[in-house]
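Q: Here is a sequence with its predicted model. Questions after.
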Amino acid sequence: MSVWQLVAVGLVMLLGLFGVLVPGIPGPLIVWAGVLWWALTEQTSVAWTVLIAATGVLLLNQALKWLLPARDLRTAGAPYRTLFLAGVAGIVGFFVLPVLGCLLGGVGGLYALERIRLGSHGDAWSSTRTVMRTIGLSVLLELFACLLIFGAWMGVVLAG
């Protein structure tokens, strides 16, 4: 696979990561499609293993999402912009501090944005807890699954 094709696959997967944060865009499906494109082009045992693992992670993610409360933006209380920026902070956190940074960046970013918006620690913490109870855990779980897949793909590509 050429460098330009790898860049294109990476951009498709990055679009999928941001798609997790935007309602109506099937982010996990886009990430999976990127891995499928790469695996069909590479046709190596490692590529097929990554595709099978990605499929398993996304199926597990879908099963776990059934156990969590539904995503209802109206009851969360925080503006959609805040939720989107907190998700971006989770993505950045994943790359700064692999795996654990997703949680720290997402929740920390949400708290920081709510603190700026609301002004006091108590109100910001209350809003952060409410958002995490209503939609945050579901979005964070989906984002984490997609980031694991993206990280595995990137690791295999960089390892050569």
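A: Cool, the structure landed. Note that the structure is a prediction, hence the values are computed from the model and not measured.
Q: alpha carbons only for contacts and neighbour counts from here, please
A: OK.
Q: where exactly do the helices run in this structure?
A: Counting by DSSP state H, the chain has these helices, from start to end: 3-21, 27-42, 45-67, 73-76, 80-96, 100-118, 121-131, 137-159.
Q: Surely residue 57 is in contact with residue 143?
A: No: between residue 57 and residue 143 there is no contact, the gap being 11.6 Å when judged by Cα atoms under 8 Å.
Q: These two: which is more packed in?
A: Applying other Cα atoms under 10 Å to residue 57 and residue 143 shows that residue 143 carries more neighbours, namely 28 against 17.
Q: In JSON lines, list the helices of the chain along with mean pLDDT.
A: Output for the helices of the chain, formatted as JSON lines (pLDDT from 0 to 100):
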{"stretch": "helix 3-21", "mean pLDDT": "92"}
{"stretch": "helix 27-42", "mean pLDDT": "95"}
{"stretch": "helix 45-67", "mean pLDDT": "93"}
{"stretch": "helix 73-76", "mean pLDDT": "61"}
{"stretch": "helix 80-96", "mean pLDDT": "87"}
{"stretch": "helix 100-118", "mean pLDDT": "89"}
{"stretch": "helix 121-131", "mean pLDDT": "87"}
{"stretch": "helix 137-159", "mean pLDDT": "90"}
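Q: Nearest residue to the residue positioned nearest the centre of the chain in space, ignoring adjacent ones along the chain?
A: With distances taken as Cα atoms, centre = their mean, the residue of the chain nearest its centroid is residue 143 (2.0 Å). Using Cα to Cα, 6 or more residues apart in numbering and skipping residues adjacent in sequence, the residue nearest residue 143 is residue 20, 6.2 Å away.
Q: Contacts only, for the one you found.
A: Contact criterion Cα atoms under 8 Å, 6 or more residues apart in numbering gives 26-28, 139, 142-143 as the residues in contact with residue 20.
Q: Show the buried residues in the residues you listed.
A: 27-28, 139, 142-143 (16 or more other Cα atoms under 10 Å).
Q: For residue 52, state which of the residues you listed is nearest.
A: When the buried ones among the contacts of residue 20 are compared for distance to residue 52 (Cα to Cα), residue 28 comes out closest, at 14.3 Å.
Q: mind listing what that closest one touches?
A: With contacts taken as Cα under 8 Å, 6+ apart, residue 28 has the following neighbours: 16-17, 19-20, 58, 142, 146.
Q: Pull the number of nearby residues for residue 50.
A: Other residues lying near residue 50 total 20 when counted by other Cα under 10 Å.
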